[in-house]
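Asker: For reference, the sequence and a predicted model appear below.
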Amino acid sequence: MQGKQTLTLGFQQVDVFSSQPLRGNPLAVVMDADDLADGQMAAFANWTNLSETTFLLRPQNPEADYRVRIFTPLTELPFAGHPTLGSCHAWLAAQGEFQRRDIVQECAAGLIRVRKFEDGLAFAAPPLIRQGDLEPALFEQVLNGLHLSREDVVAAQWVDNGPGWLALLLRSRREVLALKPDFRAISGIRVGVCAPWHPQDDGRDADFEVRAFTAAGFEDPVTGSLNAGIACWLIGSGIAATVYTAAQGTVLGREGRVRVIQDTDAIWVGGNVTTCITGTASF
């Protein structure tokens, strides 16, 4: 009997938001994936068991340089931050020379601009599709799930740019790092928490500490979409400067660093991307 024909595609595993391997958020990237069926993509993403796996395809929009589909082990996402940066890094590596400063990524959420900076890549933060105060019952549920009181929270807002994030602002990095969430109590809710670093206690390596508690019941090491939403909130309300660095992943033993820059036409959210594995994947 003739066996099933195998499709072999280029593959990279990269570490996003870190200049050192194994310190950021890993991403699997499959190249030239136009001939893969939806089920094959979903099965491969489930098999890698990373928070996200992406598949690079030819663009459908003539303004885009490439198209990406983003899968978690369980579902497909319209947009996510660290998969955007990691996918762009892998695409650029495959291109060789690429002269333009800006790259246009097509995804289910539309066209996303990615910019090359001297110290890495950054994406233009998408606009918030939901912002403002949390509903009282939801706020109470989140407080209970994080073992916080109302007095512990400086402010709370929706910062949803697609995935559904909300965020709490606490007073200190120490309070953020001390959180021990009850994931059952906040099941199905994407909760971000942030607080300023105080230089006399925390040093000057970053300006804010961020943690991300996913709807699936785990903590994400470094989260581009959450940081983008938080940046829109903190800069827009005057809490943060127009240039700052966020630290994330500390409790998980990571050293993620997210750089935020507001210029005349966008808030850019980015960092370093490091290639850890290069090879092929068979389907």
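Answerer: Here it is on my side, so go on. Numbers count the residues shown, from 1 in each chain.
Asker: Quick check: chain neighbours aside, which residue is closest to the residue most central in space within the chain?
Answerer: Central residue of the chain (C-alpha atoms, centre = their mean): residue 224, 2.6 Å from the mean position. Spatially, and ignoring its direct neighbours in sequence, residue 224 is nearest to residue 81 (1.4 Å; C-beta to C-beta, 6 or more residues apart in numbering). For the C-beta atoms, the positions are set from N, CA and C on the backbone; glycine is no exception.
Asker: from what I can see that neighbour touches residue 227, true?
Answerer: Yes - under the criterion of C-beta atoms under 8 Å, residue 81 makes contact with residue 227 at 6.6 Å.
Asker: sorry, back to before: who are the contact partners of the residue nearest to residue 224?
Answerer: Counting by C-beta atoms under 8 Å, 6 or more residues apart in numbering, residue 81 makes contact with 123, 223-228, 269.
Asker: can you pick the most crowded of those residues?
Answerer: residue 226 (34 neighbours; other C-beta atoms under 10 Å).
Asker: Now do the same contact list for residue 239.
Answerer: By C-beta under 8 Å, 6+ apart, the neighbours of residue 239 are 155, 169, 233.
Asker: pretty sure the last one is in a helix, no?
Answerer: It stands for residue 233. Yes - residue state for residue 233 (DSSP: H, G, I helix; E, B strand; the rest coil) corresponds to a helix.
Asker: Please work out how many residues are found near residue 131.
Answerer: Residues lying near residue 131 (other C-beta under 10 Å) number 16.
Asker: Against residue 161, how distant is it?
Answerer: Applying C-beta to C-beta, to the nearest Å, the value for residue 131 to residue 161 is 9 Å.
Asker: Can you check which residues contact both of those two?
Answerer: Here residue 131 and residue 161 have residue 232 as joint contacts, going by C-beta under 8 Å, 6+ apart.
Asker: after the longest helix seen in the chain, next one along is what?
Answerer: Longest helix in the chain, counting residues (DSSP state H): helix 81-95. As assigned by DSSP states H and E, the chain's next helix or strand after helix 81-95 is strand 102-107.
Asker: Paired strands for that next one, with orientation please.
Answerer: Note on strand 102-107: by DSSP bridges, its sheet partners are strand 66-71 (parallel), strand 110-117 (antiparallel).
Asker: Show me what it is in contact with.
Answerer: Contacts for strand 102-107 (C-beta under 8 Å, 6+ apart): 59-61, 63-70, 78-79, 84, 87-88, 91-92, 111-116, 123.
Asker: before we move on, back to that, which parts of the longest helix of the chain count as buried, going by neighbours?
Answerer: Buried residues in helix 81-95, counted by 16 or more other C-beta atoms under 10 Å: 81-93.
Asker: and the angle for that helix with strand 110-117?
Answerer: Using axes from the mean of the first three to the mean of the last three C-alpha atoms, to 10 degrees, one finds that helix 81-95 and strand 110-117 are set 70 degrees apart in direction.
Asker: Dump helix 81-95 to PDB, keeping only the CA atoms.
Answerer: Extracted in PDB, the C-alpha atoms of helix 81-95 (Å, rounded to 0.1, in the frame of the first residue of the first chain):
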ATOM      1  CA  GLY A  81       1.400  40.200  20.300                       C
ATOM      2  CA  HIS A  82       4.300  37.900  20.800                       C
ATOM      3  CA  PRO A  83       3.300  35.700  17.800                       C
ATOM      4  CA  THR A  84       3.300  38.900  15.700                       C
ATOM      5  CA  LEU A  85       6.900  39.700  16.600                       C
ATOM      6  CA  GLY A  86       8.100  36.100  16.400                       C
ATOM      7  CA  SER A  87       6.500  35.500  13.100                       C
ATOM      8  CA  CYS A  88       7.900  38.700  11.600                       C
ATOM      9  CA  HIS A  89      11.400  37.800  12.900                       C
ATOM     10  CA  ALA A  90      11.100  34.300  11.200                       C
ATOM     11  CA  TRP A  91       9.800  35.900   8.000                       C
ATOM     12  CA  LEU A  92      12.600  38.400   7.900                       C
ATOM     13  CA  ALA A  93      15.200  35.700   8.500                       C
ATOM     14  CA  ALA A  94      13.800  33.700   5.500                       C
ATOM     15  CA  GLN A  95      13.900  36.800   3.200                       C
END
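Asker: If I follow the layout properly, residue 280 ends up in contact with residue 9?
Answerer: Yes - applying C-beta under 8 Å, one finds residue 280 in contact with residue 9, separated by 6.5 Å.
Asker: Name the residue in the two with the higher neighbour count.
Answerer: Per other C-beta under 10 Å, whichever of residue 280 and residue 9 has more neighbours is residue 9, with 18 against 10.
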